[in-house]
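A.B. asks: Have a look at this fold, sequence not included:
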């Protein structure tokens, strides 16, 4: 059984030669990296086609420049563990980081992280915004980091339903923190660097509150808003572990009672459009940079988001809506414009792929495989599924054809993704599919570290109650 996912794949040497160690290639000849992270952005982006109401012309333009992955998944459907895993190369079941209030710094040393690996290889690493999670940032991993994001307009709006917060604002883009975060990225792209650079830009929106300038709400008139495909009885065949995650008596019940389901969707779409506008500013700066043709761009969202599907809101679940997020790669000299890759990958591939492309030895602790072969040929063979973990010993395995989920209490879900893309029919109890379940289950880890924030192995471990209530009230989860 596997505690890390490793696959043998074809290495195609069409970009800056074959993979090398850090000592083999002078740092000045290595490509730069523009590392773009977006918070709470699910697959409601134009190029993925999941929701035709969304308007993301700039993200779509980036997707058209390189390889867009149609089946890309987070390591955990929660901000903190998702980012801790991606940035360290350690999966949640290895680190024990499962929750937003788990201080990953206690178990992930500075020498393991992605920016540290690049700095040791001779890169200048800098960043702004949300790369790590909130109060658990470790800016010492970088040579420079934006100290004050500014903004603050987003905190002035008041509106929404319970913990689902949204409101149009009477302000300019420049009054928002994300505007200043992108401005920092733009400044770095415009600077003359004496080393190859690793520039990380982390946008907060569309994280709640969905408080953005009113002009972005105007792009999505309320009378035109449509609800996502859903079934009122969708939880009927879901085991106890999944129903606990859905919590239909919580946000969804409040939204239904308010009659403002469409208003909430409008708010999320508006926040996405605001985010897209900031991405446009960053891409324009890259286009004007003399380093454009020697800069790798990787764009990712930290996890998905539910807006009523399965009577669930937010992330915190193991279904498609919570686990799928955009992944785009543009690699000069390798990726071809308008390339589409339908292979299932997860974001644990980002760390080793960047090392591979930049001629840096991938650290031995990294639990993920380079997808260099898929960047060179999106149709190349790929036998590794995507894996997502939420809390202790709850895992889902996603292949091109299937999703298999096993909860800590033994409950199971199985979905035929080709016939059932919204995962409405749980086939786990079908004896004819026993072999399929067995094949998928072999990818599940056999060892799961206890939650570092609790020190036990509770199957439905929860964050500290006081903190969770406070964050929910503020609309920050």
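C.D. replies: It's in. Every value quoted in this text rests on a predicted model; they were computed, and no experiment measured them. Numbering: from 1, shown residues only.
A.B. asks: what's the residue closest to the geometric middle of this structure?
C.D. replies: Residue closest to the mean C-alpha point of the chain, counted by Cα atoms, centre = their mean, is residue 302 at 1.9 Å.
A.B. asks: And the strands in the stretch 301-450 of the chain?
C.D. replies: Along the stretch 301-450 of the chain, counting by DSSP state E, counting those that start in this stretch, strands occupy 306-307, 313-314, 327-330, 339-346, 386-389, 395-398, 402-406, 412-416.
A.B. asks: so which of those strands is the most packed in?
C.D. replies: Highest mean neighbour count of the strands of the stretch 301-450 of the chain: strand 386-389, a mean of 28 (counted as mean count of other Cβ atoms under 10 Å). C-beta: built from backbone N, CA, C; applies to glycine.
A.B. asks: What residues are bridge-paired with residue 299?
C.D. replies: Here residue 299 sits in beta bridges with residue 36, residue 328, as judged by DSSP bridges.
A.B. asks: Residue 387 now?
C.D. replies: Beta-bridge pairing for residue 387 (DSSP bridges): residue 397.
A.B. asks: heads up, I number from 50, so please use that
C.D. replies: Let's use 50 as the start, then, which means that last one is residue 436.
A.B. asks: if I look at it, how far off is residue 354?
C.D. replies: 19 Å (Cβ to Cβ, to the nearest Å).
A.B. asks: got any ranges where the protein has weak pLDDT?
C.D. replies: Along the chain, segments meeting pLDDT under 70 span 50-77, 504-526.
A.B. asks: could you point out the longest helix in it?
C.D. replies: Longest helix in the chain, counting residues (DSSP state H): helix 310-337.
A.B. asks: Go through that helix and flag the buried ones.
C.D. replies: Buried residues in helix 310-337, defined by neighbour count with 16 or more other Cβ atoms under 10 Å: 310-332, 334-335.
A.B. asks: What of stretch 192-201?
C.D. replies: Neighbour-count burial for stretch 192-201, counted by 16+ other Cβ under 10 Å, picks out 192, 194, 195, 198, 200.
A.B. asks: Identify the residue spatially nearest to the fourth one, adjacent ones excluded.
C.D. replies: Nearest residue to residue 198, sequence neighbours excluded (Cβ to Cβ, 6 or more residues apart in numbering): residue 226, at 4.1 Å.
A.B. asks: correct me, but that neighbour touches residue 197?
C.D. replies: No: if you go by Cβ atoms under 8 Å, residue 226 and residue 197 don't touch, sitting 9.4 Å apart.
A.B. asks: that older thread, dump the buried residues of stretch 192-201 to TSV, plus distance to residue 147 and secondary structure.
C.D. replies: Formatted as TSV, the buried residues of stretch 192-201 follow (distance: Cβ to Cβ, whole Å; DSSP: H, G, I helix; E, B strand; the rest coil):
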residue	distance to residue 147	secondary structure
192	30	coil
194	26	strand
195	28	coil
198	27	coil
200	30	coil
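A.B. asks: Quick check: residue 278 vs residue 470, distance?
C.D. replies: Separation of residue 278 from residue 470 (Cβ to Cβ) stands at 9 Å.
A.B. asks: try residue 82
C.D. replies: Residue 82 is 33 Å from residue 470, by Cβ to Cβ.
A.B. asks: Among these two, which residue is more densely surrounded?
C.D. replies: A count of neighbours by other Cβ atoms under 10 Å puts residue 82 above the other of residue 82 and residue 470, at 21 against 12.
A.B. asks: With residue 291 as the reference, measure out to the more buried one.
C.D. replies: As judged by Cβ to Cβ, residue 82 and residue 291 stand 38 Å apart.
A.B. asks: Which single one of the buried residues of stretch 192-201 is nearest to residue 501?
C.D. replies: Taking Cβ to Cβ as the measure, residue 501 lies nearest residue 194 of the buried residues of stretch 192-201, at 24.2 Å.
A.B. asks: Bridged to that closest one, which residues?
C.D. replies: Under the criterion DSSP bridges, residue 194 forms beta bridges with residue 176.
A.B. asks: Quick one: residues contacting it.
C.D. replies: Applying Cβ atoms under 8 Å, 6 or more residues apart in numbering to residue 194 gives the contacts 175, 176, 177, 188.
A.B. asks: Quick one, which of the residues you listed are buried?
C.D. replies: Neighbour-count burial (16+ other Cβ under 10 Å) is assigned, among the contacts of residue 194, to 175, 176, 177.
A.B. asks: nearest spatial neighbour of the first one, skipping sequence neighbours?
C.D. replies: Put plainly, it is residue 175. Nearest residue to residue 175, sequence neighbours excluded (Cβ to Cβ, 6+ apart): residue 193, at 4.2 Å.
A.B. asks: Correct me if wrong: that neighbour contacts residue 177.
C.D. replies: No: checked against Cβ under 8 Å, the pair residue 193 and residue 177 is beyond contact range at 9.2 Å.
A.B. asks: Report how many residues lie close to the residue lying closest to residue 420 once chain neighbours are set aside.
C.D. replies: In this structure, residue 420 finds its nearest non-sequential neighbour in residue 398, 4.7 Å apart by Cβ to Cβ, 6+ apart. As a burial measure, residue 398 scores 25 neighbours (other Cβ under 10 Å).
A.B. asks: Check residue 300 too.
C.D. replies: Other residues lying near residue 300 total 24 when counted by other Cβ under 10 Å.
A.B. asks: What of residue 354?
C.D. replies: If we define neighbours as other Cβ under 10 Å, then residue 354 has 27 of them.
A.B. asks: ok now do it, which residues does it touch?
C.D. replies: Contact analysis of residue 354 by Cβ under 8 Å, 6+ apart lists 89, 90, 91, 255, 317, 363, 364, 370, 371.
A.B. asks: can we see that at 10 Å?
C.D. replies: Counting by Cβ atoms under 10 Å, 6 or more residues apart in numbering, residue 354 makes contact with 88-93, 126, 255-257, 317, 361-366, 370-371, 373-374.
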